[in-house]
Structure formats: C-alpha cells, structure tokens
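Undergrad: A predicted structure for the sequence below; I have some questions about it.
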Amino acid sequence: MTAPLVTARSLSKEFEVGGGGFLGLRRRAMLRAVDDVALAINAGETLGLVGESGCGKSTLGRLLLRLIEPTAGRITFDGTDITALRRMEMRAFRRSMQIIFQDPYGALNPRMTVEDIIAEPLLIHGARQGAETRRQVTQMLEKVGLPARALDRFPHEFSGGQRQRIGIARALVLHPRLIVCDEAVSALDVSVQAQIVNLLQDLQREMGLTYLFIAHDLSVVRHISDRVAVMYLGKVVEVADKQTIYGAPLHPYTRALIAAVPAQHPSQRSRGKRERIAGDIPSALNPPSGCRFHTRCPHVMPMCRESAPALVEPAPGHQVACHLISS
Ligand code: SF4
C-alpha cells in the first residue's frame, strides 16, 4: 500500500463573519467551515472530494496547502508536520504543493503574457529570467498541449479550455508533487471538461502527481478518482475507494448524492432504492446538533440529535461517520 503524501488530523477552520452586514449579520459570529477533519491522500493517487456547495471542500483544499491557516489540527506533508512552519521554512514546501483554480478567466493576470504567467512561480523561487527559464516555460506549455507561439500572447486571446491549460502549466512548472484541483473543470463546457480531465490524468502518469480533485459533479469525480471523500457541513462523512462509494455507499448522505447522479446506462436506472435528500443544507453558522445531517436524514434516530457520530472503519479503507454503522 502507498504511504500518504498528505495527512490532516483534527483539522478545523473557523472564520469570523458579520459585524458589517456580511451574510446579513450585524453581530460577529464564528463560521466553522471545516470541523475536526481527519484525511489522508496517498502518493500518486487522485482523491475526489465531493459535497454540496458551502460544505467546506475548498476551505479544506486551501488548508492542506496552508494557503489559509487552520484554527486547530495538524497537517503532515511527506512526513513533515508543516502546520507550525514559519514562512521561510514553508517556502521549500510551496514548490511541492500547487493549486488549479476553477475560474480560468479570473485566475490569470490579463496584463501578463503567457510566458510571464508561467514563469512567475519559477522566478519567485529563485530562477533568473533568461534562456533557461524560457526553455522550461516552453516545455511546460507544450506538455499541456499549447504551441510555443502562445508565449507572447495574453490570456484574453485564448478559449476557456486553453486558459485552463495555461493555469495547469503555471501550477506544474515547479514540478510539484501535490496539486489541489479546486473545481478545475466546473466552469468549462462538457466536451472541454473531458479534454482537461484526460490531460490531468496524462500529466499525473508522466509526472507522478498526487491530486486532491474537488468537484460537485459526481460523474467527473467518478471518472478521475481512485478514492472519494464525501463532506457535509464541514465534516468528512465517508471515505472509500471509488468502486465502494459509487457501488455500495453506507452513509445516507452519500447514498442520496449517488442516487441523484444520472445513470450512464438505461439498465442502471431502476437499480436500487432511491434515497433523496430533503431540504437545503443548513447554515454553517448554526449547524445542527449531534450528526449534522440529522435534519435531512431519512434514518434519523433520537441519538443522532444528541451525539456526533465518529468516523469508524467498517471495512479496511472504508470510513463512515454514522450511528447506523457504529452502533
Ligand atoms: Fe442519519 Fe443518524 Fe446516520 Fe446521521 S448518524 S446519517 S442522522 S442515521
């Protein structure tokens, strides 16, 4: 079994909100976006991270890269606890951890040429402007399927898919080990999505990359992931390999999410009992007591309102947080 490249233990993140009309709040309040999460990402794998919008997926991705600071908990990268590293100490790890953003329009500086955009991380990390940097940038541009003549052009001259290729080249130019793909294909047309997903898979094989693939589209996650983690209101509620998550999920929330995915083949349409999720996701400012899913769960029991279920492992590699499984 492959060793974890990244692990999170008891990881939490609270944001102070309100006091200025934000979210309609006059008073300050604490929003716990990520709550006591334990997660491991194995070297060379793609871990899909799914859940409804606002469940804390993107916050968790940024925490793992230390783009934002955790309120509590520990993050280990390749055996080193990076949680308490100072800025300068963290610099060496920054090379190894990169992010690809959702919005290929907003993520690229419109006033910079493609060459400058891709070269910037190299220069930040000590490279000098010149022939060697240009060679590395050109090589990376070609790796993502764009011609060298694109170097002197500006982002607005490219399509959405091409801009995302530029964003990928920028993320990969330092030869990182971990990439957080934060809704990296969500803003693209379906046909372009497939091209970018295939490109990410090719680059993973070629460069030995590890991905955290954050998305709300479960079909895309199924295609690209080795394992899948499911989040609900800041908590990880189920983690397993892709076959188990899509074929035999145990958590009622995962079951409802999977049931909502359109079947790929007519023979799959009537298979199994459909579980639907009632209502909207509650506010993270005032999350339900006990199991956070209890206000929407079709199997809710009295104990679910009182105590939060722990993440247990009913089978090797399959973790679930639900009293139905642990009691
Ligand atoms: Fe439903 Fe209770 Fe399980 Fe939560 S703990 S998912 S409310 S059965």
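TA: Arrived safely, thanks for sending. Numbering: from 1, shown residues only.

Undergrad: got a list of contacts for the helix or strand hosting D202?
TA: Following DSSP states H and E, one finds D202 within helix 190-207. By C-beta atoms under 8 Å, 6 or more residues apart in numbering, the residues outside helix 190-207 that reach it are 44, 46, 143-145, 159-161, 164-165, 168, 172, 175, 181, 184-185, 188, 209, 211, 220, 223-224. (Glycine included, C-beta is placed from N, CA and C.)

Undergrad: All the helices of the stretch 201-327 of the chain, residue numbers only.
TA: 218-224, 242-247, 252-259, 302-306, 323-326 (DSSP state H, counting those that start in this stretch).

Undergrad: and these, which is most packed in?
TA: Greatest average neighbour count among those goes to helix 252-259 (a mean of 22), per mean count of other C-beta atoms under 10 Å.

Undergrad: can that helix be found next to the ligand?
TA: Yes - Helix 252-259 lies within reach of the ligand by C-beta under 6 Å from any ligand atom, at P252.

Undergrad: just checking, what packs against that helix?
TA: With contacts taken as 3 or more C-beta pairs under 8 Å, 6 or more residues apart in numbering; DSSP states H and E, helix 252-259 sits against strand 227-232, strand 235-241, helix 242-247.

Undergrad: Distance to Y253 added to the ones you listed, as a markdown table?
TA: Listed next are these as a markdown table, based on distance: least, C-beta to C-beta, whole Å:
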| stretch | distance to Y253 |
| --- | --- |
| strand 227-232 | 5 |
| strand 235-241 | 6 |
| helix 242-247 | 12 |
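
Undergrad: For A150, which residues are in contact?
TA: Counted by C-beta under 8 Å, 6+ apart, A150 has contacts V114, L141, F158, Q162, I166.

Undergrad: 10 Å - rerun?
TA: By C-beta atoms under 10 Å, 6 or more residues apart in numbering, the contact set of A150 is 113-115, 118, 138, 141-142, 157-158, 162, 165-166, 169.

Undergrad: cool, and G145?
TA: Contacts of G145 (C-beta under 10 Å, 6+ apart): G161, Q162, R165, I168, A169, Q195, I196, L199, D202.
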